[in-house]
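**Student:** Need coordinates for the following:
(one chain, ligands or ions: 1)
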Amino acid sequence: MLNRRVSFAVLNPATEETIAELDQAGVEETDAAVARAKEAFPAWRAVAPADRARLLRRLATLVEEHGEELAGIESRNVGKPIGGARAEVAMVAAVFHFYAGAVEKQYGETIPVGGGIDMTFREPLGVVGLIVPWNFPLNIASWKLGPALACANTVVLKPAELTPLSALRLEELILEAGIPEGVVNVLAGPGRVVGQRLVEHPDVAKIGFTGSTEVGRSVMAGAAATIKRVTLELGGKSANVVFADADLEKAAAAAPYAVFDNAGQDCCARSRILVQKSVHDEFLDYLVEATRRVKVGDPQLEETEMGPLISAAHRETVASFVDGEPLFRGDVPEGRGFWYPCTIIEASNDDRIAREEVFGPVAAVIPFDDEAEAIRIANDTPYGLSGSIWTRDGARALRVTRALETGVLSINSNSSVRPTTPFGGFKQSGFGRELGMHGLAGYSEVKNVYYATED
Ligand code: NDP
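**Tutor:** From the prediction side, this is the model:
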């Protein structure tokens, strides 16, 4: 039988031009990649921790040295503004530096018992499958690769078919860093084929997944057959809660970037803006003014703050959320590209726009009366990924953060992710934590050993 190669086109969403044609991996290639990772595992886990740390450090340095190239790839393939893409690549390097430092800090314990000594070890899982979405391709890959490699696992990494280019380049840098062949294997192919095969494969011990809640559910169900470990980082519908006593101008100036960054294609997007009724109109005036200033256009220009959506199909989905005349709709460039304007809608928390993840530059503004109602509305969602609280009252800030059912919160800020701090969701936003020392727990098993010392 002829082995027919299937190729697929990778587009620049800002121009709709084809920027690469790639061979598409299928089940056969997935099985071969898992076999390579399995073969590479014993030697990789035997590498001395200090040497593994050095290899990760070298990878971090190579990412820094190739920062401009990687940012350019990411900007063209995802339509990201080049400034944002540079910041993301800097974070990738910081993540590898952090996990290089973590390799030698995974201590075990000794536990007091009678008749002997009890101790714990952290053991690698073996081959792990990492499935990554198209919104932050290189960044999210690094959040999984860093701890997976630090814990001495070997990896099959599947980027989204829409955005495989940065992961493929990273694979070359991984080899250049001296990490042995077979330790990291990148596959460009469709999720329902390559991703699903990784989920089913008996030699894959764990799936680290970021993507939609719907596919997350199927990953979790599929993993049950082989009792695979899973980490799921899924959708969000996060609240940005603005109390009347907040610095309104500051909160309003920051709010657009908490929704429209990455054209709203961000699981942490604070896309429900909850505003206390007594300052609702004043805040909206500031918000509209701040949103008007968001610079939408060519991602290659330094001043651009928002680019296009990832695809024509995704633009249709986003558009389906907006009916009627919104409170505000911004401008977009004319001509080719999957553009969608910054949009602000006044809503109730029962409206579809407030219930489902839009994953586009559309914000819903929802009024509330008092603290109790703010907490009720913020928690009235199946998701629980991130959120913000804006207030000058420190006690209220802490009360509200403790009451919110969400994994990542910021007070008087919209920041969500740092290489050093844990990131992940409550409820249907998933489980397991990435980044920081917490990220290591998902890529190792605790082994308990009892050593009898008495005759
Ligand atoms: P998906 O969940 O479909 O894709 C995420 C990753 O999973 C991709 O690599 C994809 O591969 C892969 N995948 C798809 N199907 C399967 C499967 N059956 N088994 C294993 N892996 C699979 O998200 P979409 O890209 O379609 O985005 C849809 C929506 O999901 C967005 O509009 C947004 O609401 C949400 N989303 C949330 C993200 C987050 O960061 N939490 C990230 C991305 C999306 P491939 O794309 O190659 O088919």
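**Student:** remind me which residues of this protein are low pLDDT?
**Tutor:** The chain contains residues with pLDDT under 70 at 1-4.
**Student:** For it, which residues are neighbours of the ligand?
**Tutor:** Contact residues (C-beta under 6 Å from any ligand atom) of the chain with the ligand: 131-135, 158, 160-161, 190-192, 195-196, 199, 210-212, 215, 218-219, 233-235, 267, 357, 359. From N, CA and C alone the C-beta is placed, and that goes for glycine too.
**Student:** Among the residues you listed, name the buried ones.
**Tutor:** For the residues of the chain next to the ligand, a burial check counting by 16 or more other C-beta atoms under 10 Å picks out 131-135, 158, 160-161, 190-191, 195-196, 199, 210-212, 215, 218-219, 233-235, 267, 357, 359.
**Student:** In helices only, show me these.
**Tutor:** Under the assignment DSSP state H, those contribute Gln196, Val199, Val215, Ser218, Val219 to helices.
**Student:** Tell me the one of these nearest Leu168?
**Tutor:** When these are compared for distance to Leu168 (C-beta to C-beta), Gln196 comes out closest, at 20.7 Å.
**Student:** need the contact list for that closest one.
**Tutor:** Each residue near Gln196 by C-beta atoms under 8 Å, 6 or more residues apart in numbering is listed here: Ser218, Gly222.
**Student:** Repeat the analysis, applying 7 Å as the threshold.
**Tutor:** Residues in contact with Gln196 (C-beta atoms under 7 Å, 6 or more residues apart in numbering) are Gly222.
**Student:** now swap in Ser238 and tell me
**Tutor:** Cys268, Ala269, Arg270, Ser271, Arg272, Leu385, Ser386, Gly387, Thr406.
**Student:** Distance check, Val332 against the ligand.
**Tutor:** Distance, Val332 to the ligand, by C-beta to the nearest ligand atom, to the nearest Å: 19 Å.
**Student:** Over to that residue. Which of the three states is it?
**Tutor:** Classification of Val332 using DSSP: H, G, I helix; E, B strand; the rest coil returns coil.
**Student:** Now do the residue nearest to it when sequence neighbours are not counted: how many residues are near it, please.
**Tutor:** Leaving aside its chain neighbours, Val332 sits nearest to Trp339 (3.7 Å; criterion: C-beta to C-beta, 6 or more residues apart in numbering). By the criterion of other C-beta atoms under 10 Å, Trp339 has 22 neighbours.
**Student:** which stretches of the stretch 1-150 of the chain form strands?
**Tutor:** Under the criterion DSSP state E, counting those that start in this stretch, the stretch 1-150 of the chain contains strands at 7-12, 17-23, 110-111, 116-124, 127-131.
**Student:** Buried deepest among those, which one?
**Tutor:** Comparing the strands of the stretch 1-150 of the chain by mean neighbour count (mean count of other C-beta atoms under 10 Å), strand 127-131 comes out on top with a mean of 28.
**Student:** Can you list the strands that that strand pairs with?
**Tutor:** strand 154-158 (parallel), strand 204-210 (parallel) (DSSP bridges).
**Student:** Show me which residues of the longest one are buried.
**Tutor:** Spelled out, it's strand 204-210. The neighbour-count check on strand 204-210 (16+ other C-beta under 10 Å) flags Val204, Ala205, Lys206, Ile207, Gly208, Phe209, Thr210 as buried.
**Student:** Between which two of those is the distance greatest?
**Tutor:** Farthest apart among the buried residues of strand 204-210 by C-beta to C-beta are Ala205 and Thr210. That separation is 18.2 Å.
**Student:** hang on, the earlier thing: which of the three states applies to the residue nearest to Val332?
**Tutor:** Here Trp339 is coil, with the state taken from three-state DSSP.
**Student:** How about Ala252?
**Tutor:** Quick answer, by three-state DSSP: Ala252 is helix.
**Student:** what about the nearest residue to it once chain neighbours are set aside, which helix or strand?
**Tutor:** In this structure, Ala252 finds its nearest non-sequential neighbour in Tyr286, 3.4 Å apart by C-beta to C-beta, 6+ apart. Take DSSP states H and E as the rule and Tyr286 turns out to sit in helix 280-292.
**Student:** contacts for whatever helix or strand comes next after that helix?
**Tutor:** Following helix 280-292 in sequence order, the next helix or strand is helix 312-319 (DSSP H and E). For helix 312-319, contacts defined as C-beta under 7 Å, 6+ apart pick out Leu309, Phe338, Tyr340, Val358, Phe359, Gly360, Val362.
**Student:** Quick check: buried residues in helix 312-319?
**Tutor:** Buried positions in helix 312-319, judged by neighbour count with 16+ other C-beta under 10 Å: His314, Arg315, Val318.
**Student:** From these, pick the one nearest Glu373.
**Tutor:** Comparing the buried residues of helix 312-319 against Glu373 with C-beta to C-beta places Val318 closest, at 28.8 Å.
**Student:** Skip the chain neighbours and tell me the closest residue to the closest one.
**Tutor:** Leaving out its chain neighbours, the residue that sits closest to Val318 by C-beta to C-beta, 6+ apart is Gly360, at 3.2 Å.
**Student:** Compute the number of surrounding residues for the one you found.
**Tutor:** Gly360, neighbours per other C-beta under 10 Å, totals 25.
**Student:** residues contacting it?
**Tutor:** By C-beta under 7 Å, 6+ apart, Gly360 lies in contact with Ala263, Gly264, Gln265, Leu309, Val318, Tyr340.
**Student:** tell me the contacts of the closest residue to the ligand within the stretch 1-150 of the chain?
**Tutor:** Closest residue of the stretch 1-150 of the chain to the ligand, C-beta to the nearest ligand atom: Pro133 (3.3 Å). Applying C-beta under 7 Å, 6+ apart, we find Pro133 in contact with Ile140, Ala160, Thr210, Gly211.
**Student:** 10 Å instead, please
**Tutor:** For Pro133, the contact set (C-beta atoms under 10 Å, 6 or more residues apart in numbering) comprises 140-141, 159-160, 162-163, 191, 209-212, 215, 233, 265, 267, 310, 359.
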